[in-house]
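1. Next comes the sequence, and after it the predicted model I'd like to discuss.
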Amino acid sequence: MRMTYPDPNSRSAQLSRRAQQVYPGGTTRGQTYYAPYPIYVEHAEGCRVTDVDGDARIDFLNNYTVQFFGHSHPDIVAAVQAQAARGMCFTMPSELDIELAEMIIGRAASFEHLRFANTGTEAVMHAIKGARAYTGKPKIAKCEGVYHGAYDFAEVSLDSNPQVWGQDRPQSVGHTHGVPDGVTSDVVILPFNDVAASERILEQNVDDLAGVLFDVVPSRCGGIPASSDYIKMLKAFTRAHDRVLILDEVVTWRLDHGGAQTLYGVEPDMTTLGKVIGGGMPIGAVAGREEIMRVFDSSAGKALCSHSGTFAGNPVTMAAGIAAMKLLTPEAVTRLNGLGERARAGLREAFRLADIDGQVTGEGSLVLIHFSSEPLGDYRATWRAHTDRRAEMLEDLFHRLLNRGILFSTWGLGCLSTPMGELEVDHLIEAVLASLQEMKLESEKEMVS
Ligand code: PMP
């Protein structure tokens, strides 16, 4: 079947028109919308997603890195079905939540105690509140431009631009229009990977600082890991002042059996988790040192930091998570990371062959495409490398890939899943090469005319 996106007569286009009647902007979830309309899913299996018009594509986005095992893995489906039949959620704990907590805690030395939540956003919120409760301090530091979910404090300076980002030191810029000044004034913004400047800013704010929220491979800083000197500085600072180093591993936990922290030697005090650990069900978790996690203890009365949630630790999610953790073996991670290496190398070669300015970054099973060869490695460099024209090119590539049987993201992020093999990765590389060659040809024609 020849795919012809966009097609106003397609069932997806019809559904999108219907969605416009019930949702602001025609969608219930910002990330799943793209113009002129999003393709609607019908079902999925393994690494292939079939849309409502009957077209199947290889899924290189996997619900933004959640689906490490692809779709409908039989073990996860069986676990969810069995638990749903036994009860969906209770006002009682179950053995399942203890079992999943044990499985996760066993994977990283910094995990002593854990609490479950329902999303990565919630996990980050609880970790920030927990760090404040532990230290009795209000401020949190985070790196400019880095995404940590939708909690107001975690969103500060998410989309800073040269008009507002300040000259010699990053400014705290509210993300949502109307965000209270109290939010921006209690978030300290650090330049990712700039050891001296970040250390200076942290020292200047130390009296009010509860901790540092940190992602060691943030996609919005180019998908390049922080330098070991930067990691060392954050560790030394937080240890010297008894402040909380929170590592956000909502995405990066897929990089190694014990997450990015074991790969890069981060040794955080608290870690936020999500995505992969729920096997496709909504999940979040905060894990960390027992001494700090004790702030959530309400067994003897009011906790220093109350943490609850109607669906936290619900047994259906727990059952899916247990099945997923059994599948997330060191061998599975190593194999997928190897395929990631093949994808990045092949995509780099595609840019070379098509003679288009670009680069491919990412770690493990994560891939990031940029239409720029300028050095990345922090937020400002990455921002400059993604001018409007280059962002348009990424969207253009995304559309062309849709018609070549590939689901990617509109902004260059892709990831792999375990049902994939070399065949699927090579299909991606060939589809990108063909798309780039087409783009090159069209731009040359434009220049001539
Ligand atoms: N932290 C990071 C690094 C993320 O990428 C995300 C989501 N993409 C979140 C937190 C928030 O997770 P959720 O969407 O589950 O709320």
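-> Thanks, I have it. Predicted model, so just to flag it, every value in this text is computed and none were measured.
2. Give me the buried positions along the longest helix seen in the chain.
-> Determined from DSSP state H, the single longest helix within the chain is helix 422-448. The neighbour-count check on helix 422-448 (16 or more other C-beta atoms under 10 Å) flags 424-425, 427-429, 431-433, 435-436, 439 as buried. Backbone N, C-alpha and C define where each C-beta goes, glycine included.
3. In TSV, list those residues along with distance to the ligand.
-> Output for the buried residues of helix 422-448, formatted as TSV (distance: C-beta to the nearest ligand atom, whole Å):
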residue	distance to the ligand
Glu424	23
Val425	23
His427	26
Leu428	21
Ile429	25
Ala431	25
Val432	23
Leu433	29
Ser435	25
Leu436	27
Met439	28
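4. any chance of the residues you listed in JSON lines, with distance to Arg289 too?
-> Listed next are the buried residues of helix 422-448 as JSON lines, based on distance: C-beta to C-beta, whole Å:
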{"residue": "Glu424", "distance to Arg289": "40"}
{"residue": "Val425", "distance to Arg289": "39"}
{"residue": "His427", "distance to Arg289": "44"}
{"residue": "Leu428", "distance to Arg289": "40"}
{"residue": "Ile429", "distance to Arg289": "43"}
{"residue": "Ala431", "distance to Arg289": "46"}
{"residue": "Val432", "distance to Arg289": "43"}
{"residue": "Leu433", "distance to Arg289": "48"}
{"residue": "Ser435", "distance to Arg289": "47"}
{"residue": "Leu436", "distance to Arg289": "47"}
{"residue": "Met439", "distance to Arg289": "50"}
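5. how about whatever residue of the stretch 51-200 of the chain ends up closest to the ligand, what does it touch?
-> The nearest approach of the stretch 51-200 of the chain to the ligand comes at Gly120, 2.3 Å away (C-beta to the nearest ligand atom). For Gly120, the contact set (C-beta atoms under 8 Å, 6 or more residues apart in numbering) comprises 148-149, 248, 250, 272-275, 284.
6. Show me these that map onto strands.
-> Mapping those onto strands (DSSP state E) picks out 248, 272-274, 284.
7. of the residues you listed, closest to Ile356?
-> Asp248 (32.7 Å; C-beta to C-beta).
8. Tell me what that closest one is bridged to.
-> Thr272 (DSSP bridges).
9. ok, now how distant is the closest residue to the residue of the stretch 51-200 of the chain closest to the ligand other than its chain neighbours from Val251?
-> Spatial nearest neighbour of Gly120, chain neighbours left out: Gly274 (3.2 Å); criterion: C-beta to C-beta, 6 or more residues apart in numbering. Using C-beta to C-beta, to the nearest Å, we find Gly274 at a distance of 8 Å from Val251.
10. again, but for Leu263
-> Leu263 is 13 Å from Val251, by C-beta to C-beta.
11. again with Leu441
-> Distance from Leu441 to Val251, by C-beta to C-beta: 35 Å.
12. and the stretch 301-449 of the chain, which of its residues are near the ligand?
-> By C-beta under 6 Å from any ligand atom, no part of the stretch 301-449 of the chain sits against the ligand.
13. where do the helices sit along the stretch 201-350 of the chain?
-> Here the stretch 201-350 of the chain has its helices, by DSSP state H, counting those that start in this stretch, at 228-240, 260-264, 290-293, 315-327, 330-354.
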